[in-house]
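K.L.:
sequence and predicted structure below; questions after.
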Amino acid sequence: MKDQNAELAIDFGDRILRDRVGTDEAYLESIYDQYAKSMFRHAFALTGSAEDAEDAVQEVFVRIAREVKRLRKVENLRAYLGTSTRNAAYSILRTRKRKGELDEAVCGEWQEATGIDIEDSIIASGIMREAFPKLTAEQREVLVLKIFDGMTFREIAEATVAPINTVTARYRYGIDRLRRALEGSNNG
C-alpha cells in the first residue's frame, strides 16, 4: 500500500493525480515547484515589473492555498493557473498602470530568447522596442505565452478565456507585425 504522504506525482500532461496523495502543503509545494516560474514569466509579460510579477504569483498562491480542496478538482491545472495569473496581473496593472515598463521588459526578454547576435541586437532591440508596444495587449500576451512558456494554442485559449481561433489570429497578426517592422528596417 502506498504511503498517503508520498510525494505528489505529476505527469507530463499537466494532470495532477489527486488520489489523496500527500498533504495539502505537499500538494501546493509540488504545484509551486512546477508552475511558479512560468506564472512569473506570464505575470512579468503583463506587468513589466519583476516586483509586480512576484506579487501576482504570490496572490494566486495565497488564494489557492485557501481553496486547496477546490483546487484538487480542477481538470486543467495549467490553464487554471494561467487564468489566475492573468487576472492577478491585470488587477495589478489596473492599480499601477506601467505600460512603458512592460514594453521595455518584454523587448529585453524577447531579444534574449531569440538569440540575436550582439551586433544585430542593438538594431533589432530598437526595432522591437518600437514595434512590440504597438501590438495589442492580447497579441503581446499570446506571443509571450507561446514563445517563452511553450504553451499550445489550446492552453493559451483556456488560460485567456478566448476561442482558439482568436488566439491563433492574435499570434499570427502579432508575428506578422513584428516581421514587417524588422523587414522594413532592413529595406530602409
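P.N.:
The structure has been received and is ready for your questions. Residues are numbered from 1 along each chain as shown.
K.L.:
ok, M128 - how many residues close by?
P.N.:
A count of neighbours around M128, defined by other C-beta atoms under 10 Å, yields 22. C-beta: built from backbone N, CA, C; applies to glycine.
K.L.:
same thing with the one 4 residues further on?
P.N.:
Number of residues near F132 (other C-beta under 10 Å) recorded here: 22.
K.L.:
what's the answer for R154, then?
P.N.:
13.
K.L.:
name the nearest residue to it, ignoring sequence neighbours.
P.N.:
I164 (5.8 Å; C-beta to C-beta, 6 or more residues apart in numbering).
K.L.:
these two touch, right, the one you found and E155?
P.N.:
No - if you go by C-beta atoms under 8 Å, I164 and E155 don't touch, sitting 9.8 Å apart.
K.L.:
ok, back up a step: how much space separates the residue nearest to R154 from V142?
P.N.:
Distance of I164 to V142, given as C-beta to C-beta, to the nearest Å: 11 Å.
K.L.:
out of those two, which sits in the busier spot?
P.N.:
Neighbour count, other C-beta under 10 Å: between I164 and V142, V142 has more, with 29 against 14.
K.L.:
ok, for L46, nearest residue in space, not its chain neighbours?
P.N.:
In space, L46 is closest to A89, 3.9 Å off (C-beta to C-beta, 6+ apart).
K.L.:
so where do the helices sit in the chain?
P.N.:
Along the chain, the stretches classed as helices by DSSP state H are 24-47, 50-66, 68-71, 77-96, 99-114, 118-131, 137-147, 153-160, 164-187.
K.L.:
can you spell out which helices and strands pack onto the third one?
P.N.:
Read it as helix 68-71. If contacts are counted by 3 or more C-beta pairs under 8 Å, 6 or more residues apart in numbering; DSSP states H and E, helix 68-71 sits against helix 24-47.
K.L.:
could you say what helices and strands the helix it packs on packs with?
P.N.:
Counting by 3+ C-beta pairs under 8 Å, 6+ apart, helix 24-47 packs on helix 50-66, helix 68-71, helix 77-96, helix 99-114, helix 137-147.
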